[in-house]
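A.B. asks: take a look and give me a structure for this.
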Amino acid sequence: MNHVIHPTATKGVNVSVGHFSVIEEDVILGDNVTIGNHVTIHAGTRIGSNVTISDNSVIGRWPKPAKTSTVKVDAELPPLEIGEGSTIGSQVVLYRGSRLGRDVLVADQAFIREKCSIGDAVVIGRGVAVENQVRIGSYTKIQTNAYITAYTTLEDHVFIAPAVTTTNDNFMGRTEERFRYVKGPHVKTGARVGGGAVLLPGVTVAEESFIAAGAVVNRDTEPAQVYVGVPARLLRPVPEKELRPK
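C.D. replies: Numbers count the residues shown, from 1 in each chain. All right, here's what the predicted structure looks like:
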């Protein structure tokens, strides 16, 4: 096979590596791992058993921000970890310093930045962008082309519909004062956010809240209530039959 595997890399049993893939030093591959064609796995990455990584993906790369970026690279970033049973789609980019749990699906052309924590059985849809220092709880689903900004928290069993936008900076890059207030939304367990909705910096979306499509959430919500409009306003309670079991 015309691929390159560094001699310090460790492979489990029944590992398959496709054409023109590169596995750098100190990578650990568990048992029954499948690596597609033209995949690059950067140094130190830890990949659990029964993981599939599809063609043209870049796994465990170091961040390299622009000279004008306010993001500072941590020279001590730990290796990327991918939990067992996970599936990584084609043309995905995963950065060093993040950890993905078990049975995670990252769909084609999605990317996850550094210092992110992803729980078990999470679905990250096609083209989703997850910025740095994001926390995503287990069983959460993020659908196509959603944007999850830095310093956002999504708890367990959250549903994020296509093209949802989260934001973290009310000053939009102006003034030094903004650094004291940069904070993404906090979406609590069981909340649902509809297609094209916008969550403004620092808002808390309460447990079992339902945010309608296209709403703009500019203040904290109450648990198990439906919000609609621009800006979002309380419409009615979430029907009892739609609430998750206690």
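
A.B. asks: now Arg192: how far from Asn218?
C.D. replies: 18 Å (CB to CB, to the nearest Å). To be clear about C-beta, it is placed using only N, CA and C from the backbone, and glycine gets the same treatment.

A.B. asks: whoops, Asn50 was the one
C.D. replies: From Asn50 to Asn218 the distance is 43 Å (CB to CB).

A.B. asks: same deal with Ser209?
C.D. replies: 14 Å.

A.B. asks: who has more neighbours out of those two?
C.D. replies: Ser209 (26 against 13; other CB atoms under 10 Å).

A.B. asks: could you measure from the more buried one over to Gly196?
C.D. replies: From Ser209 over to Gly196 (counting by CB to CB), the distance is 17 Å.

A.B. asks: kindly report the same for Ser57.
C.D. replies: From Ser57 to Gly196 the distance is 28 Å (CB to CB).

A.B. asks: compare the two (neighbour count), which wins?
C.D. replies: Using other CB under 10 Å as the criterion, Ser57 and Gly196 rank with Ser57 on top: 25 against 17.

A.B. asks: the more buried one touches Gly36, doesn't it?
C.D. replies: Yes - with contact defined as CB atoms under 8 Å, Ser57 reaches Gly36; the gap is 7.2 Å.

A.B. asks: what's the overlap in contacts for the two?
C.D. replies: Ser90 (CB atoms under 8 Å, 6 or more residues apart in numbering).

A.B. asks: just give me how far the strand or helix carrying Arg236 sits from the chain centre.
C.D. replies: Arg236 is located in strand 233-237, with elements delineated by DSSP states H and E. Relative to its parent chain, strand 233-237 has a centroid offset of 29 Å by CA atoms, centre = their mean, to the nearest Å.

A.B. asks: from the contact counts, what lies against it?
C.D. replies: Counting contacts by 3 or more CB pairs under 8 Å, 6 or more residues apart in numbering; DSSP states H and E, strand 233-237 packs against strand 225-228.

A.B. asks: residues making contact with the strand it packs on?
C.D. replies: Contacts for strand 225-228 (CB under 8 Å, 6+ apart): 206, 209-212, 215, 217, 221, 233-238.

A.B. asks: repeat the analysis, applying 6 Å as the threshold.
C.D. replies: 210-212, 215, 221, 234-238 (CB atoms under 6 Å, 6 or more residues apart in numbering).

A.B. asks: what about the closest residue to Gly12 other than its chain neighbours, how many residues close to it?
C.D. replies: Distance criterion CB to CB, 6 or more residues apart in numbering; nearest residue to Gly12, sequence neighbours excluded, is Asp31 at 3.6 Å. Neighbour count for Asp31, taken as other CB under 10 Å: 14.

A.B. asks: swap in Ser54?
C.D. replies: As a burial measure, Ser54 scores 21 neighbours (other CB under 10 Å).

A.B. asks: so it makes contact with Thr87?
C.D. replies: No - in this structure Ser54 lies outside contact range of Thr87 using CB atoms under 6 Å: 7.9 Å.

A.B. asks: and Ser86, how far from Ser117?
C.D. replies: In terms of CB to CB, Ser86 sits 14 Å off from Ser117.

A.B. asks: could you do Val71 as well?
C.D. replies: Taken as CB to CB, the span from Val71 to Ser117 is 18 Å.

A.B. asks: same question for Thr144.
C.D. replies: 22 Å.

A.B. asks: give me the more crowded residue out of these two.
C.D. replies: It is Thr144, of Thr144 and Ser117, that has more neighbours when counted by other CB under 10 Å, with 17 against 14.
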